[in-house]
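S.K.: After the sequence you'll find the predicted model.
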Amino acid sequence: MFRQLLTLRALLALIAILIVSGTIWYSTYLAKKIEKDERDKVEQWIEAGRFINNPERQGLNSTILDGPSFDPINVFPLDPDNNKLENNNYSPMWDAHIYVWTDAAIQAGKRRRVKSIADLTSLFKDGSVKNAPPNKGDANPFIAGLMPTGAIINCPVIAQPKKL
């Protein structure tokens, strides 16, 4: 009986050691993951600040840094024209598909203004840009293969600029 009690205690001690070890390992894993995610966010804001005077900037950084102008300089797969024969009339309600430049593209000096959906598609395919962190869901082949953010935007056309 004493031997059975010792065996049971040893088993319980082993289980306790495994639980504590697993908890320490998982806590360390989570802390490193959170640290990396937060460091990435800070680096994105730092990068945004570096390009405030760059005429090639566009997107969220431009919108945030430009103050009252709030012009993200988007690219669209369709011209806003409700007279198209393909039955793909423009709607002011759309889902944003946000991309970010990859670290490799930034280090290679590839970051620049994206001027069309074809340009964005090419950059996405060659790995220069990727889905922004909030994007989720299925890839949209109509929008360069990007995933949607899930944020629905009401964006009626007021003016259509000339092509760049």
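M.R.: It's in.

S.K.: three-state assignment of Leu11?
M.R.: helix (DSSP: H, G, I helix; E, B strand; the rest coil).

S.K.: Give me the local confidence score for it.
M.R.: With respect to pLDDT, Leu11 scores 89.

S.K.: Give the burial count for it, as a bare number.
M.R.: 10 (other CB atoms under 10 Å). Quick note: C-beta positions are derived from backbone N, CA and C, even for glycine.

S.K.: One more: Asp95?
M.R.: Neighbour number of Asp95 under other CB under 10 Å is 15.

S.K.: Also Trp101?
M.R.: 20.

S.K.: hang on, Val75 packs against Thr121?
M.R.: No - using CB atoms under 8 Å, Val75 makes no contact with Thr121, being 10.0 Å away.

S.K.: Tell me how far Gly127 lies from Ile34.
M.R.: 26 Å (CB to CB, to the nearest Å).

S.K.: Regarding Arg113, what is its secondary structure?
M.R.: Secondary structure for Arg113, judged by three-state DSSP, is coil.

S.K.: same thing with the one 5 residues further on?
M.R.: State at Ala118, reduced to three classes by three-state DSSP: helix.

S.K.: Quick one: residues contacting Ala139.
M.R.: Gly145, Leu146, Met147 (CB atoms under 8 Å, 6 or more residues apart in numbering).

S.K.: In space, what's closest to Val100 - neighbours in sequence excluded?
M.R.: Excluding the flanking residues, the one nearest Val100 by CB to CB, 6 or more residues apart in numbering is Ala132, at 4.9 Å.

S.K.: got the domain boundaries for this protein?
M.R.: Following automatic domain parsing, one gets these domains for the chain: 1-50, 55-157.

S.K.: tell me the mean pLDDT for the last one?
M.R.: For domain 55-157, the mean pLDDT works out to 77.

S.K.: Now do the strands for this protein: every range, in order, please.
M.R.: 93-95, 99-101, 129-131, 152-154 (DSSP state E).

S.K.: Noted, bye for now.
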